[in-house]
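**Student:** Provided below are the primary sequence and the corresponding predicted coordinates.
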Amino acid sequence: LFNCKRRLNPFNTLMKIGVTGCAGRMGRMLVREVLLADGCTIAGGTEEPGHTAIGQDVAETAGLEACGLEITDDSDALFAASDAVIDFTIAPVTESHTRLSVKHVTNLVLGTTGHEGYQLDTIEAAAKHIPIVKAMNFSVGVNVLFALTKQLAGMLDEDFDIEIVEMHHRDKVDAPSGTALELAEAAASGRGVNLKHVADRGRDGITGRRKNGNIGLAALRGGDVVGEHDVVFAGASERIKLSHIATSREIFSKGALRAALWSEGMAPGLYDMLDVLGVSSQHT
């Protein structure tokens, strides 16, 4: 695969980063981020077979000057040409992408959400061979919110009910959002409980009294909302609310690129954005 920045300097050692789903809204933003950043270059971009963007210039599709690198549907070639691949596509293709990452020893930054259990198993298996940074949300601010949620949940007892409310654009297909679920996991971890046993999702009708110790999740959808998340600790006569509002998807592309650059030289393992930010050193 032709490398855009290397056309100017064939002797550089920039990190080569590939982008799957590069013609989508998030993919175009990732391509722009890679091309405009220091320390890296675009190694290629792919789309699903039959996509109208195939054959178009990867940089031009992202709104930049053409560089001669065409979008293809050849995922194997993309992973072979890349030091790291950023994947924000869909859960059903994760197994294929993790397999290619291991085959070509290519680092993987995974922003895809909505995985089933067996798909998560393939990610964990691949992480024994390569570094994978997997995050429900690559925003720096949201990852600070994860840490604060866990800390506050550990400080407050069950007299404070925990409710998590998220809102996203009308086109989002999964609910609750992966970020909301991660916030719920953080809260459960702070309290030392298993989220599976305390999660309260999809209330409707006569539900009865709220069970003490549960962690509630509610999802709102509408308009073009990029992402809003609130964690509410509701006690008697007082409430504490932690909030994060995303106004541009650029925060996700910037965080994903930061994760890709951070992954260079890392040992195999499953990492998250807290590792990237130096907040946590825990990985599997």
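**Tutor:** Arrived safely. If you're wondering where the values come from, they're calculated on a predicted model, not measured in any experiment. Numbers count the residues shown, from 1 in each chain.
**Student:** quick one: stretch 215-235 to chain centroid distance?
**Tutor:** Average the C-alpha atoms of stretch 215-235, do the same for its chain, and the two points are 18 Å apart (Cα atoms, centre = their mean, to the nearest Å).
**Student:** can you dump the C-alpha coordinates of it into CSV?
**Tutor:** Written as CSV, here are the backbone C-alpha positions of stretch 215-235 (Å, rounded to 0.1, in the frame of the first residue of the first chain):
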residue,chain,number,x,y,z
ILE,A,215,-27.5,0.8,39.5
GLY,A,216,-30.0,2.2,37.0
LEU,A,217,-29.3,2.9,33.3
ALA,A,218,-31.5,5.0,31.0
ALA,A,219,-30.9,5.7,27.3
LEU,A,220,-32.2,8.7,25.3
ARG,A,221,-32.0,9.0,21.5
GLY,A,222,-32.6,12.0,19.3
GLY,A,223,-31.3,14.6,16.9
ASP,A,224,-27.6,14.8,16.3
VAL,A,225,-26.4,14.6,19.9
VAL,A,226,-22.7,13.4,19.9
GLY,A,227,-22.8,12.1,23.4
GLU,A,228,-24.0,13.1,26.9
HIS,A,229,-23.5,11.1,30.1
ASP,A,230,-24.7,11.8,33.6
VAL,A,231,-23.9,9.8,36.7
VAL,A,232,-26.3,10.7,39.5
PHE,A,233,-25.8,9.8,43.2
ALA,A,234,-29.2,10.5,44.8
GLY,A,235,-29.4,10.5,48.6
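**Student:** would you mark the buried spots in it?
**Tutor:** Using 16 or more other Cβ atoms under 10 Å as the burial criterion, the residues of stretch 215-235 that qualify are 215-219, 225-233. From N, CA and C alone the C-beta is placed, and that goes for glycine too.
**Student:** in strands, which of those residues fall?
**Tutor:** Secondary-structure check on the buried residues of stretch 215-235 using DSSP state E: residues within strands are Ile215, Gly216, Leu217, Ala218, Ala219, Gly227, Glu228, His229, Asp230, Val231, Val232, Phe233.
**Student:** and the first one, how far from Gly192?
**Tutor:** Just to be clear, that refers to Ile215. Between Ile215 and Gly192 the distance is 13 Å, computed by Cβ to Cβ, to the nearest Å.
**Student:** related to what we said a few turns ago, farthest-separated two in the ones in strands among the buried residues of stretch 215-235?
**Tutor:** Using Cβ to Cβ, the pair of these lying farthest apart is Gly227 and Phe233, separated by 20.7 Å.
**Student:** what ranges of the stretch 51-200 of the chain fall below the confidence cut-off?
**Tutor:** Counting by pLDDT under 70, the stretch 51-200 of the chain contains no low-confidence residues.
**Student:** let's see 90
**Tutor:** Within the stretch 51-200 of the chain, the set of residues satisfying pLDDT under 90 comprises 67, 112-115, 136-137, 173-174, 178.
**Student:** that one: helices as residue ranges?
**Tutor:** Assignment of helices within the stretch 51-200 of the chain using DSSP state H, counting those that start in this stretch yields the ranges 58-61, 75-81, 94-104, 117-126, 140-155, 178-191, 195-198.
**Student:** excluding its backbone neighbours, what's nearest Leu242?
**Tutor:** Counting by Cβ to Cβ, 6 or more residues apart in numbering, the nearest residue to Leu242 once its immediate chain neighbours are dropped is Val231, at 4.4 Å.
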